[in-house]
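Undergrad: Have a look at this prediction, sequence included:
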Amino acid sequence: MSRYAMVIDLQRCVGCGSCSIACRNENNVPDGMYWSNKITETVGTFPDVRYHYIPTLCNHCEYAPCVRGCPTKAMHKLDNGITMHDPKKCIGCKYCEFNCPYGVIYFNWQDPHQFWRNKNQLLKGGTASPREEVNKVNGKETPYYNPEREATLPGNRSKGVVEKCTFCDHRVSEGLLPRCTEACPANARIFGDIEDPKSDASKLLGKFRPFRLREQIGTNPHVFYIRGYNPAQYKPTKGGV
Amino acid sequence: MSAKKGLYGTWMAVLGLAVLIGLYTTYKLFADGHVLFNTNDVIIWSLPLGVYIYLALASSGLTILAALPLVFGIRKYEPFAKRLVFLAIATLCGAFVSIGLELGNVFHMIYIMLSPNFSSPIWWMGAIYSVELAVLVVKFALMHKGDWHSGFSNFLARASFLLAIVAPLMIGSVFGITESRVTYFGPVMSIYCLLMAFMSGTALFLFYSLMVNKLNGNGAPADLYDEIALIFTYATAVVVGFTLLKFAIESATVIPEFLVYHQFEHAFGAIRGFHTEVLLGLFLPFVLLLIPSVRASAGGKIITSVLILIGTLFMHMEILLAGQSHPVGPKAEQFPEFIKYFPSIWEFLVFLFALTIMLLLYTLGERYLKLTEVPE
């Protein structure tokens, strides 16, 4: 049985955000939500300062708190380890979002893509309204709507339900990579089956010492981070004296 | 007599208007979505959920109190039994209104039955409270028919008592077992909820009964209320002790999440480092209850129970908000470090609707269901 995981090479990651943009387009992610996100941190005082950038997404935990807590099994595990959500079963209690230790689940407080529902022209008679733009390209709620998302999930989720990263399960089932992985210009994301020792992901986990977010709480997340980029240099001394 | 009739008519008209406002609120929430709440992806649960916890726990407390005559056979409290069971039902109905409007997609509630998740504390909480409501309704119907102590009726009384103990534990576990928020304190939350349930249920009964007695000019003997007030004092003492213990542990720990939490607590302000709502809504009434003359007077009982009832709601809200007020993980990128919250008008209207349903049932029950009846 496959067990999908993602390895993110922090030395290769340049923090360009392509993963997030590609994810939004692939999954029709509404404004204000981030299936693919980041944690940034600046430490130190100028000029001795350091900026950390950690790309984040759903960790597809083995012992997922969101799955355990969901009262209707709307949040559930697939056999390949992907944590999946069924909006048809979601009652909108938001317990998964409350319970997620990684802050990667979002709730649709209103119908998504509000901007594109607007029928008002910015300049009357001069510009098209957002709704007209959508209609012009036969889009579905957005002009850049991706119908391929519909294979396993409603293309646009409705108000009153949660949503989150699915490791692009609709692409993975077709033998494709998750969109964020494919779009990464630095090849910093390595996706694969870690039950298969020959997969690149397995090899990297053997070669480098990975870390995971909030490992201590025992959720067994399946997004691993390896290496870390630090260009800083310092003058060698004997014990700093 | 006619003045009383006029007052009743006015009261029912006010409740009717509030029901209409509540129905409009329901329509708006499901038409426009929960964007009408002052919530976001950090403050996920707000006033409607706090009201649900508050009313559901009070209902459990009323059921536990009803067990004194119905389960433990303390017959002198039988004049309170029918009213206690009815108040428990009505209060739980109010709680269900609040949680129903808090849910994002109430039309999919069917999946709670079709696709239950037995590892979910929310599922157990919903299931237990639903069964408790059904058991209480049947028990009340039997009592209304005069069947107080048949085998089946006794079984229902015991079942409702056990359910009323377990349900607050499940509410506590909804918070206590979250991996993401250790500040909810694990199993401590379940015990806390159970203690709060008994205290608030006793306060609600005392306040309500004394107010009804004042309006109707009759009621059970005063010494019985003195005994309930003593039980109320003990319940409050236990909550005070437990709260102090909780504060002591919170203050002593150096777990990083707690150190962060300390920066964000006190949603309702503090007096010399102590939560305002705890000082005014728990410690103050407890001190008042320790004074025998206050405890013996009807006014003292009413004031202390009102302080506890208000304080309990604020304490639930404080716990609910303090655990959510700072963003988890990458949400810190799009939200400020600390999120302030004040309910929107729609959240207040949900609160009003829940209270209205509860008060409407109280009013109708008091008028038509002979709530002070005792078995022959």
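TA: Great, that's in hand. Numbers count the residues shown, from 1 in each chain, chains lettered A, B, ... in the order given.

Undergrad: Going by C-alpha atoms from here, please, whenever you check contacts or count neighbours.
TA: Noted.

Undergrad: average pLDDT for the helix or strand where residue B:361 lies?
TA: Here residue B:361 is covered by helix B:345-368, with elements defined by DSSP states H and E. Here helix B:345-368 scores 97 as its mean pLDDT.

Undergrad: ok, is it in contact with chain A or not?
TA: No - if you take Cα under 8 Å from any Cα of the partner chain as the test, helix B:345-368 misses chain A, and the best it gets is 13.8 Å.

Undergrad: Could you list the buried residues of that helix?
TA: Buried residues in helix B:345-368, counted by 16 or more other Cα atoms under 10 Å in any protein chain shown: B:346-347, B:349-363, B:365-366.

Undergrad: quick one: the strands in chain A?
TA: Ranges of strands within chain A are A:4-9, A:37-45, A:48-56, A:75-77, A:83-85, A:106-107, A:162-163, A:189-193, A:223-226, based on DSSP state E.

Undergrad: typo on my end, the stretch 51-200 of chain B
TA: Along the stretch 51-200 of chain B, no segments are classed as strands by DSSP state E, counting those that start in this stretch.

Undergrad: what angle sits between the longest helix along chain A and strand A:48-56?
TA: Criterion DSSP state H: the longest helix present in chain A is helix A:18-27. Taking axes from the mean of the first three to the mean of the last three Cα atoms, to 10 degrees, helix A:18-27 and strand A:48-56 form an angle of 20 degrees between their directions.

Undergrad: Packing partners of helix A:18-27?
TA: If contacts are counted by 3 or more Cα pairs under 8 Å, 6 or more residues apart in numbering or on different chains; DSSP states H and E, helix A:18-27 sits against helix A:179-183.

Undergrad: For the helix it packs on, C-alpha coordinates in CSV please.
TA: Included here for helix A:179-183 are C-alpha records, laid out as CSV according to Å, rounded to 0.1, in the frame of the first residue of the first chain:
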residue,chain,number,x,y,z
ARG,A,179,0.6,21.0,-8.7
CYS,A,180,2.8,22.7,-6.1
THR,A,181,5.5,20.2,-6.7
GLU,A,182,5.3,20.4,-10.4
ALA,A,183,5.3,24.2,-10.3
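
Undergrad: now the strands of chain A as CSV including mean pLDDT and mean neighbour count?
TA: As requested, these are arranged in CSV below (pLDDT from 0 to 100; neighbours: other Cα atoms under 10 Å in any protein chain shown):
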stretch, mean pLDDT, mean neighbour count
strand A:4-9, 98, 24
strand A:37-45, 93, 13
strand A:48-56, 92, 15
strand A:75-77, 98, 20
strand A:83-85, 98, 23
strand A:106-107, 98, 24
strand A:162-163, 97, 26
strand A:189-193, 98, 22
strand A:223-226, 98, 22
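
Undergrad: closest to chain B out of those strands?
TA: Minimum separation from chain B across the strands of chain A (Cα to the nearest Cα) falls at strand A:37-45, 4.9 Å.

Undergrad: which strands and helices sit next to the closest one?
TA: Using 3+ Cα pairs under 8 Å, 6+ apart as the contact definition, the elements that strand A:37-45 packs against are strand A:48-56.

Undergrad: Does anything pack onto the strand it packs on? Which helices or strands?
TA: With contacts taken as 3+ Cα pairs under 8 Å, 6+ apart, strand A:48-56 sits against strand A:37-45.

Undergrad: In the sheet, which strands lie alongside the strand it packs on, parallel or antiparallel?
TA: Sheet partners assigned to strand A:37-45 using DSSP bridges are listed as strand A:48-56 (antiparallel).

Undergrad: still on that earlier bit, export the strands of chain A as a markdown table, with columns for distance to residue B:56.
TA: Written out in a markdown table, the entries for the strands of chain A read as follows (distance: least, Cα to Cα, whole Å):
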| stretch | distance to residue B:56 |
| --- | --- |
| strand A:4-9 | 42 |
| strand A:37-45 | 38 |
| strand A:48-56 | 38 |
| strand A:75-77 | 26 |
| strand A:83-85 | 29 |
| strand A:106-107 | 25 |
| strand A:162-163 | 25 |
| strand A:189-193 | 46 |
| strand A:223-226 | 39 |
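
Undergrad: hang on, residue B:124 packs against residue B:116?
TA: No - applying Cα atoms under 8 Å as the test, residue B:124 and residue B:116 come out as separate, 9.2 Å apart.

Undergrad: What residues of stretch A:82-97 count as buried?
TA: A:82-97.

Undergrad: so what's the most centrally placed residue in chain A up against?
TA: Centre of chain A computed as the mean C-alpha position; nearest residue by Cα atoms, centre = their mean is residue A:36, 2.7 Å away. Counting by Cα atoms under 8 Å, 6 or more residues apart in numbering or on different chains, residue A:36 makes contact with A:19, A:20, A:23, A:55, A:56, A:57, A:58, A:165, A:180.

Undergrad: Check these for burial and list the buried ones.
TA: Buried members of the contacts of residue A:36, counted by 16+ other Cα under 10 Å: A:19, A:20, A:23, A:55, A:56, A:57, A:58, A:165, A:180.

Undergrad: do you know how far the residue of chain B most remote from its centre is from residue B:179?
TA: If you look at how far each residue of chain B sits from its centre, by Cα atoms, centre = their mean, the farthest one is residue B:333, at 35.7 Å. Noted for residue B:333: a distance of 21 Å to residue B:179, by Cα to Cα, to the nearest Å.

Undergrad: ok, which of the buried residues of stretch A:82-97 also contact chain B?
TA: The subset of the buried residues of stretch A:82-97 within reach of chain B, by Cα under 8 Å from any Cα, is A:88, A:89, A:90, A:91, A:92, A:93, A:94, A:95, A:97.

Undergrad: what number of residues lie near residue A:178?
TA: 24 (other Cα atoms under 10 Å in any protein chain shown).

Undergrad: before we move on, what about residue B:87?
TA: With neighbours defined by other Cα under 10 Å, the count for residue B:87 comes to 27.

Undergrad: Ok, residue B:69 next?
TA: Here the neighbour count serves as a burial measure; for residue B:69 (other Cα under 10 Å) it reads 18.

Undergrad: pLDDT score for it?
TA: What the model reports as pLDDT for residue B:69 is 96.

Undergrad: Can I get stretch A:132-142 in PDB? Just the C-alpha atoms.
TA: These are the backbone C-alpha positions of stretch A:132-142, laid out as PDB (Å, rounded to 0.1, in the frame of the first residue of the first chain):
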ATOM      1  CA  GLU A 132     -18.900  39.800 -17.100                       C
ATOM      2  CA  GLU A 133     -15.300  38.700 -17.200                       C
ATOM      3  CA  VAL A 134     -16.200  35.300 -15.900                       C
ATOM      4  CA  ASN A 135     -19.000  34.900 -18.400                       C
ATOM      5  CA  LYS A 136     -16.800  36.000 -21.300                       C
ATOM      6  CA  VAL A 137     -14.500  33.000 -20.800                       C
ATOM      7  CA  ASN A 138     -17.300  30.600 -19.800                       C
ATOM      8  CA  GLY A 139     -15.700  30.400 -16.400                       C
ATOM      9  CA  LYS A 140     -17.500  28.900 -13.400                       C
ATOM     10  CA  GLU A 141     -17.500  31.600 -10.600                       C
ATOM     11  CA  THR A 142     -13.900  32.600 -11.600                       C
END
